[in-house]
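Asker: have a look; sequence and predicted model below, questions after that.
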Amino acid sequence: MEVVEIEKLINDAIELDELHVKFDGSQCKVIAIADFLGDLSRVKKQQTIYAPLAQVINDGIIHAVTIKTFTTTQWQREKMFNLPL
């Protein structure tokens, strides 16, 4: 699976301001940025980003997912510490 395909799965399901994905073998790292994420609990944030990937995870294409979420304000402060993936 290509990074573009993973980004499409997430972007088709969720409206984000920014999305950064790194896929290395079977491990996927996702950074999602959107203001609505600030209103969600930590678990709900993870579930929101994880849900569009559930099928490819169940199919064994992706084995491990690391998700980091930020609001746009948080991202302005944190991006230098979190990029590149």
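Answerer: Here it is on my side, so go on.
Asker: for the chain, which spans come out with low pLDDT?
Answerer: Within the chain, the segments meeting pLDDT under 70 span 84-85.
Asker: can you name the residues bridging to the residue nearest the centre of it?
Answerer: Compute the mean C-alpha point of the chain, and by C-alpha atoms, centre = their mean the closest residue is V30, 3.4 Å away. For V30, the residues forming beta bridges with it (DSSP bridges) are V21, I67.
Asker: from I14, how far out is it?
Answerer: Taking C-beta to C-beta, to the nearest Å as the measure, V30 falls 11 Å from I14. (Glycine included, C-beta is placed from N, CA and C.)
Asker: mutual contacts of these two, please.
Answerer: Among the neighbours of V30, those also in contact with I14 (C-beta atoms under 8 Å, 6 or more residues apart in numbering) are I49.
Asker: follow-up on the earlier one: ok, the residue nearest to the centre of the chain to T73 distance?
Answerer: Between V30 and T73 the computed distance is 19 Å (C-beta to C-beta).
Asker: all helices for this protein, in order.
Answerer: Secondary structure of the chain by DSSP state H: the helices cover 3-13, 42-50, 54-58, 72-82.
Asker: tell me which of those helices lies nearest to D35.
Answerer: Each of the helices of the chain was scored for nearness to D35 using C-beta to C-beta, and the closest is helix 72-82 (5.6 Å).
Asker: which other helices and strands does the closest one contact?
Answerer: The helices and strands touching helix 72-82, judged by 3 or more C-beta pairs under 8 Å, 6 or more residues apart in numbering; DSSP states H and E, are strand 27-33, strand 64-70.
Asker: tell me which of the ones you listed sits most buried.
Answerer: Each of the helices and strands packed on helix 72-82 was assessed for mean neighbour count using mean count of other C-beta atoms under 10 Å. The highest is strand 27-33, with a mean of 20.
Asker: tell me the angle of it relative to helix 3-13?
Answerer: Strand 27-33 and helix 3-13 are oriented at 40 degrees to each other (axes from the mean of the first three to the mean of the last three C-alpha atoms, to 10 degrees).
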